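Trainee: Sequence and predicted structure are below.
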Amino acid sequence: MAGAPSARESLDASLGTVRPPQERLRRPPKTRAVLTRPEQAPKVRDGEGSDRPQRRLTGREVEEHALQKCWRRHEAGGVPLSCRSPPDRQRSASLQASYDRCAKVTAEYAKTFYLGTSLMTPEKARATWAIYVWCRRTDELVDGPNASRMTPQALDRWEERLEALFEGRPADILDAALTDTIDRFPLDIQPFRDMIGGMRMDLVKSRYQTFDELYEYCYRVAGAVGLMTSPVMGIDPEYKGPLEPVYRAALALGTANQLTNILRDVGEDSLQRNRIYLPTEELDQFGIREQELLRGGLFASTNGRIDDRWRAFMKFQIKRARQFFVTAEEGVHALDADARWPVWSALNLYRQILDAIEENDYNNFTQRAYVRRWKKLLALPVSFGQAKFPKQAPFGHK
Ligand SMILES: CC(C)=CCC/C(C)=C/CC/C(C)=C/CC/C(C)=C/[C@@H]1[C@@H](COP(=O)(O)OP(=O)(O)O)[C@]1(C)CC/C=C(\C)CC/C=C(\C)CCC=C(C)C
């Protein structure tokens, strides 16, 4: 039947056709106001003093490089909306269609995120959908139905396509929404590139020796989301402090969420996908062998309850994840007033998953940590209170 494509069709159709740059759709040239933005000056390509580092970065360097670029870009700012020439009628209708499609995909794939965006201003919500959809499509490349055919070369093409959309040449209707978002908010390309790097890691790596190795992965697939979305959430005009700690807090929130996801999904990842997103060296320290995870989990033979080693290991992991949530908290107070409620909600909703793992006596092999609906609902007014009545000035600056 003809008609608007479903969210699934939108993703499948676009992902099947990661096309070379010369085939991409052309967007009308930018308005003069947009061209004069300092951060959109023509880019110098690699090897000619580009914005990429001279050598391959590893571990925490990857995050640090992106962090510095992102907060500096935010500080440099963009063209205020009032200075920009409005898009013509045809362009604004097609942009509307692009964002509508992004909204549909977000609503279908991530109900909680979609609900969270209803707590935002319409412009911030639209931008969040555009970012979500790009992240989702990136993830689908290595986790979706065509994942078994995914190659590093296809990821290279996806990255070329990313560069093009940041230069104002989106390849399709979903990319067009992100190109528009980039025009409206001071987004830097680096966390997007880094997320593609995270997918490259997923193609070749299913074990992590140290926490630093795992941390790099968490940054790439989730901390990067904090860097992508902070310019959209915006900074409170009353906040007079530096941007760097705010961006660090945003990174911490993404990382906390990913560590939480990892702890929730241990059983599924190890049993169904032969993936262990836990530092091997820490498993060793607690006397846990990989084979025990792969064979169905650690249960005591005497009473079938969770093994004490696993309980102790999980307590350690949960404590560390919670520290990342605490680091994130202070940053939320520095965000624009209209962004604090959704961000507090995201923080509280994810943090509850850690409580649910504890309530399951750390059995994340055969039970999925599930937050009851009433607890999720209660998190919303609690978050509203935290957003409205901050306990402290962020980082001691106000
Ligand atoms: C209430 C609510 C949830 C609000 C949404 C707030 C918001 C801005 C969300 C961003 C959504 C987005 C663009 C996500 C990208 C997709 C992605 C990679 C998501 C990963 C989450 C898990 O996804 P998954 O689909 O696996 O989820 P489930 O298995 O279904 O649970 C991630 C692990 C990362 C999510 C990261 C964030 C929500 C961090 C957002 C950071 C900020 C908004 C910056 C905040 C700034 C400061 C200063 C703290």
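Mentor: Received the coordinates, thanks.
Trainee: What about Leu178, how many residues nearby?
Mentor: Other residues lying near Leu178 total 24 when counted by other CB atoms under 10 Å. Yep, even glycine has a C-beta here, placed from its N, CA and C like the rest.
Trainee: Next: Val382.
Mentor: 12.
Trainee: The ligand versus that one, what's the distance?
Mentor: 12 Å (CB to the nearest ligand atom, to the nearest Å).
Trainee: Could you look up the SS state of that residue?
Mentor: At Val382 the chain is in helix, as set by DSSP: H, G, I helix; E, B strand; the rest coil.
Trainee: My understanding was that it contacts Arg351; is that so?
Mentor: No: between Val382 and Arg351 there is no contact under CB atoms under 8 Å: 11.1 Å.
Trainee: Which helix or strand in this structure has the lowest average pLDDT?
Mentor: Counting by mean pLDDT, DSSP states H and E, the chain has its least confident helix or strand at helix 32-35, which shows a mean of 26.
Trainee: Can you identify each of the strands in the protein by residue range?
Mentor: Applying DSSP state E to the chain gives strands spanning 207-208, 276-279.
Trainee: which bits of the chain sit near the ligand?
Mentor: 110, 112-113, 116, 128, 131-132, 135, 221-222, 225-226, 229-230, 233, 246, 249-250, 253-254, 257-258, 261, 328, 331-332, 335, 342-343, 345-346, 349 (CB under 6 Å from any ligand atom).
Trainee: Drop anything exposed from these.
Mentor: Buried members of these, scored by 16 or more other CB atoms under 10 Å, are 110, 113, 116, 128, 131-132, 135, 221-222, 225-226, 229-230, 233, 246, 249-250, 253-254, 257-258, 261, 328, 331-332, 335, 342-343, 345-346, 349.
Trainee: Check the burial of Thr302 by counting its neighbours.
Mentor: For Thr302, the neighbour count with other CB under 10 Å is 6.
Trainee: tell me the phi and psi of it?
Mentor: The phi/psi pair for Thr302 (degrees, to the nearest 10) reads phi -70, psi -50.
Trainee: State the distance from it to the ligand.
Mentor: If you go by CB to the nearest ligand atom, the gap between Thr302 and the ligand works out to 34 Å.
Trainee: for Ser98, same thing?
Mentor: Counting by CB to the nearest ligand atom, the gap from Ser98 to the ligand is 16 Å.
Trainee: contacting residues for the residue lying closest to that residue once chain neighbours are set aside?
Mentor: Closest residue to Ser98 apart from its sequence neighbours, by CB to CB, 6 or more residues apart in numbering: Ala177 at 3.9 Å. Counting by CB atoms under 8 Å, 6 or more residues apart in numbering, Ala177 touches Leu95, Ser98, Tyr99, Arg101, Cys102, Arg126, Trp129, Ala130, Val133.
Trainee: Identify the residues contacting the first one.
Mentor: With contacts defined as CB under 8 Å, 6+ apart, Leu95 is in contact with Pro87, Ala176, Ala177, Asp180.
Trainee: And the pLDDT at Gly16?
Mentor: pLDDT recorded at Gly16 is 44.
Trainee: oh, I was asking about Leu155
Mentor: So Leu155 comes in at 94 (pLDDT).
Trainee: if I look at Leu335, how far off is Arg320?
Mentor: Separation of Leu335 from Arg320 (CB to CB, to the nearest Å): 24 Å.
Trainee: Where does pLDDT dip in the protein?
Mentor: Along the chain, segments meeting pLDDT under 70 span 1-50, 78-86, 397-398.
Trainee: Residue of it closest to the ligand, please.
Mentor: Gly116 (2.3 Å; CB to the nearest ligand atom).
Trainee: correct me, but Leu251 touches Val62?
Mentor: No: with contact defined as CB under 8 Å, Leu251 does not reach Val62; the gap is 11.3 Å.
Trainee: what residue is smack in the middle of the protein?
Mentor: By CA atoms, centre = their mean, the mean C-alpha position of the chain lies nearest to Val225, the distance being 2.7 Å.
Trainee: can you pull the contacts of that residue?
Mentor: Val225 sits next to Ile131, Cys135, Pro191, Met195, Gly254 when contact means CB under 8 Å, 6+ apart.
Trainee: Ok, His333 next?
Mentor: With contact taken as CB under 8 Å, 6+ apart, His333 is in contact with Asp236, Tyr239, Arg340, Pro390, Gln392, Ala393, Pro394.
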